[in-house]
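Engineer: here is a sequence with its predicted model. Questions after.
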Amino acid sequence: MSGYTLEVENLTVAFRTELGEVRPVEGLTFAVKPGETLCIVGESGSGKTVAALSLLRLLGKNGGIRAGSVRLNGEELTRKSETEMRSIRGRDIAMIFQEPMVSLNPVFTIGHQLTEAIRLHTDRRGKAAKAHAVEMLRRVGIPRPEAVYGEYPHTLSGGMRQRAMIAMAVACEPRLLIADEPTTALDVTVQAQILELMKRLAAGSGTSIVLITHDLGVVAEMADQVAVMYAGQIVETADVYSLFENPLHPYTRGLMRSLPAFGSEREGRLSAIPGAVPPLSRLPRGCRFHPRCPMAESICESEEPELQPAEVSRRVRCWAASGEIRRFAGRQGG
Amino acid sequence: MTVITESNASRPLLQLEGVKKYYPSRKGLFAKGRIQAVDGVTLDVHAGETVGLVGESGCGKSTLGRTIIRLEHSDAGRILYDGEEITAYSVRRMRPLRTQMQMIFQDPYSSLNPRQRVEDILAEPLIAHGLPRGEDARRSVGKLLDLVQLPRSSRSRYPHEFSGGQRQRIGIARALALKPRLIVCDEPVSALDVSVQAQILNLLKDLQDELKLTYVFIGHGLGAVRYISTRVAVMYLGKIVELGETNRVFDAPRHPYTSLLLQAIPVADPRRRLRERLVLQGEAPNPENPPPGCRFHPRCPFARERCFSEAPSLTGNGHAAACHYPLG
C-alpha cells in the first residue's frame, strides 16, 4: 500500500470538438492521503472541473483519459470497466456539485434518494436503511430530519439542499469525496456552516477530500495541500502554509495580490492580472501564462516549462521561479 | 465635467424616505400573502460617493437597487432625485431623468443582445434618447470604448467574441453612453474570475474619479464592497440594520448581524484558520413572515427579552445600527 487514498499521475484528458481535439487537462500529478484535503484552485477555463470529472471517469462520449493513471488505494481506475466504475462511484468516491439540484432528482423525496444510495452501496436494508438516512440528515445539521426525509428537493433552501447532497455523498462512507465549488452559490454565512461540516466529516471518518474552488479564502480555511491550475496544467503545488507564505509561481502571486485585502485597510488600486485565461483552442506557445506574466523572458515564449521540484515537497512550473531556485542553490553550495 | 454648485453640494443626489416594496406571494388560490422585499428604507446618497449594499441573498438589496432608479415601483415612501420627488413619476416623466441614472448588471452576457455588434449596443441608448446619430454617434462610440479601455476595433464585433471581463466593460460602456450621474451596480464582478474582478473594480474607481459618478454598489463579495465603497449599508430582511463609513462598519461593526457576517468570510491566511469565531447559525427566515420584534433575534446570540417584541430603529450619528444592544 502506498499510504495514499488517491494518486494521480500525468493525467491527460482529451475532448473531440468541431475544431479538433482539445486537452482541457494535461499532465496532472498529485496525491492525497487519508483524511487530508487537497484544494485545486483555478479560474474558469483552468480545467479544474474536468480534472474532477475525469477522476470519476464522467467525461461523456466525446471525452476520455488520453494518458496517465488514477489510483484509488493503489487500484488503477483508468482501466476499469464502466460497470466496475458504477459501483465505485457513490461507494468509494462521492461527488458534490455547486448546484445541488443537478444531482438531486426533483421527482423523488430526499429520503427515497438517500435510502436508494444506502441500499445500493451498503448492507443496510429496510428500516436500517431509513434509520441511517435520517441519522445522516441529522449529522449534516438539517433541522427536523424525519420531516425532511419525506420532502422533495424543491421545498428546501439552497443551503439545505447542499446539506442533503452532502448527506447523500457521505452516507456510504466513501474513501474520497470530490467537491466542485460546493459553496460558490451560497451566502458566506451558509458557506461557513458547510465548510465546517465538511471539515468535521473528514476528520471523523478519515475521508480524503478533493475540493475544487476559485476562492483563495476557502483554500486557506480548508486545504492541507494545494494544487494551483492554469489553462489545463498544474502550475504550482505546495502545502497550504508554504503556498500562502511564499507563492512561487507568478500566477499564484498575481491571484493573491488581486484579492481586496480584508484584515487591513488598503488604499489605492488593486493589482490585477492583465488579460484573461486563454481558450483551449488558442493556447499560447511556450509557458501558457507568459502573455500575462510580469516576469516573462524570451525562453518563456518558446519553451514550455516542466513542473519542477522546488523547495521540500513543492513543485512549480516556471522558468523564472526554478531559475531563482537554481541560483539560490548555487549560492548555498558555494 | 459636472459643475458643483452650492445647492447640490449640500443636498444629497438621492434621498430615500421610508421606501417599501412588496411582492405578492403565491401561497394558494385564495390566501393572499406578501413578501416585504424592502421594508422602510431611509438612505441618502451624496454626489461622488459610493454606497455599498450588502446582506445575504433575499435581504432585498437588489430590489432596493432597482427601486432606487425606478425600475420598480415603490409601494410606500418617497424617492427624491436631486431634490425632485420622482416617487410617482410616470414612464414619460421619468424619461428625461433616465439618462442620468443607469444600471450595470451581474451577468453582462445575458444583458447584451447577442445579435448586435458592440457599436450598435453602445449607440442604441443614444438613438433612443434622440442624441447624436451617424458620424457623431460613431465618434461617441469610439470615446466610450476608450473610456472602458477596449480597443476601437471592438466596435464591429459581437458579444460572444469577448471574455467575461471584456463583456462587463461593454456593459459599463453602455451604462455610460448617456453620461449618467448615478449608476446602480448590481453585483458587477460576482460572475467574473478573481484576477479579472480587480481589473473591473479598478476601472469603476477610475471612471468615478474621471466622470464624477455616484455609485450604489450591490455586492456579494464583501472584499469588493469594502474596496470600492465610501459608506456601507448592511441589510437584513428588507431593512437596513447598519449604516456607516466603510472602514468603521468593517473594523468595528455595531450590529451583531454585521459582525457575524464579517466573521463568516473565509480569511486568505491559513495561519488564522483556528481563530476564535462565531458561526452564524441557520438561514435568513422567509420575508413573507418576518419574526416579531427585532427581525434578527431568532439567529442573534445576544438577543434578550426586549428584542423578542420591540423592533429597534436605525439610530446613531454617522455610524448607525438598528439594535437595542449594539456592540462596541
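Structural biologist: Happy to help now that I have it. Residues are numbered from 1 along each chain as shown, chains lettered A, B, ... in the order given.
Engineer: hey, let's count contacts and neighbours off CA atoms from now on
Structural biologist: OK.
Engineer: centre-most residue in chain B?
Structural biologist: With distances taken as Cα atoms, centre = their mean, the residue of chain B nearest its centroid is residue B:218 (3.0 Å).
Engineer: near chain A, which residues of chain B show up?
Structural biologist: For chain B, the contact set with chain A under Cα under 8 Å from any Cα of the partner chain comprises B:56-57, B:163, B:165, B:193-199, B:201-202, B:220, B:223-224, B:226-227, B:247, B:260-261, B:264-271, B:273, B:279-283.
Engineer: that older thread, can you pull up the bridge partners for the residue nearest to the centre of chain B?
Structural biologist: residue B:53, residue B:186 (DSSP bridges).
Engineer: what's the average pLDDT for stretch A:222-240?
Structural biologist: For stretch A:222-240, mean pLDDT rounds to 97.
Engineer: can you check the pLDDT for residue A:301?
Structural biologist: Looking at residue A:301, the pLDDT reads 92.
Engineer: that one against residue A:283, yeah?
Structural biologist: No: judged on Cα atoms under 8 Å, residue A:301 makes no contact with residue A:283 at a distance of 11.7 Å.
Engineer: so how far is chain B from residue A:47?
Structural biologist: Using Cα to the nearest Cα, to the nearest Å, residue A:47 is found at 14 Å from chain B.
Engineer: does chain B sit close to the longest helix seen in chain A?
Structural biologist: For chain A, the helix with the greatest residue count under DSSP state H is helix A:188-205. Yes: judged by Cα under 8 Å from any Cα, helix A:188-205 comes into contact with chain B at A:188-193.
Engineer: any buried residues in stretch B:117-129, and which?
Structural biologist: Within stretch B:117-129, the residues scored as buried using 16 or more other Cα atoms under 10 Å in any protein chain shown are B:117-126.
Engineer: just after the longest helix of chain A, pick out the following helix or strand.
Structural biologist: Going down the chain from helix A:188-205, the next helix or strand is strand A:208-213, by DSSP states H and E.
Engineer: packing partners for the next helix or strand after that next one?
Structural biologist: Per DSSP H and E, the first helix or strand lying C-terminal to strand A:208-213 is helix A:216-222. If contacts are counted by 3 or more Cα pairs under 8 Å, 6 or more residues apart in numbering or on different chains; DSSP states H and E, helix A:216-222 sits against strand A:37-41, helix A:240-245.
Engineer: alpha carbons of helix A:216-222, in CSV - could you do that?
Structural biologist: The C-alpha trace of helix A:216-222 is given here as CSV (Å, rounded to 0.1, in the frame of the first residue of the first chain):
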residue,chain,number,x,y,z
LEU,A,216,-8.3,31.6,-2.0
GLY,A,217,-10.1,32.2,1.3
VAL,A,218,-11.7,28.8,1.1
VAL,A,219,-8.3,27.3,0.3
ALA,A,220,-6.7,28.9,3.3
GLU,A,221,-9.5,27.6,5.5
MET,A,222,-9.7,24.1,4.2
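Engineer: direction included, what does the helix or strand following that helix pair up with?
Structural biologist: Using DSSP H and E, the helix or strand that directly follows helix A:216-222 along the chain is strand A:225-230. Paired neighbours of strand A:225-230 in the sheet (DSSP bridges): strand A:37-41 (parallel), strand A:233-239 (antiparallel).
Engineer: reformat those strands as CSV; add mean neighbour count and distance to residue B:182.
Structural biologist: Output for those, formatted as CSV (neighbours: other Cα atoms under 10 Å in any protein chain shown; distance: least, Cα to Cα, whole Å):
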stretch, mean neighbour count, distance to residue B:182
strand A:37-41, 27, 37
strand A:233-239, 25, 42
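Engineer: can you tell me which of those strands is nearest to residue B:305?
Structural biologist: Between residue B:305 and those, the shortest gap by Cα to Cα is with strand A:37-41, which sits at 43.4 Å.
Engineer: report the rounded mean pLDDT for that closest one.
Structural biologist: pLDDT averaged over strand A:37-41 gives 97.
Engineer: hmm, residue B:127 is touching residue B:136, no?
Structural biologist: No: contact criterion Cα under 8 Å: residue B:127 and residue B:136 do not qualify, at 10.9 Å.
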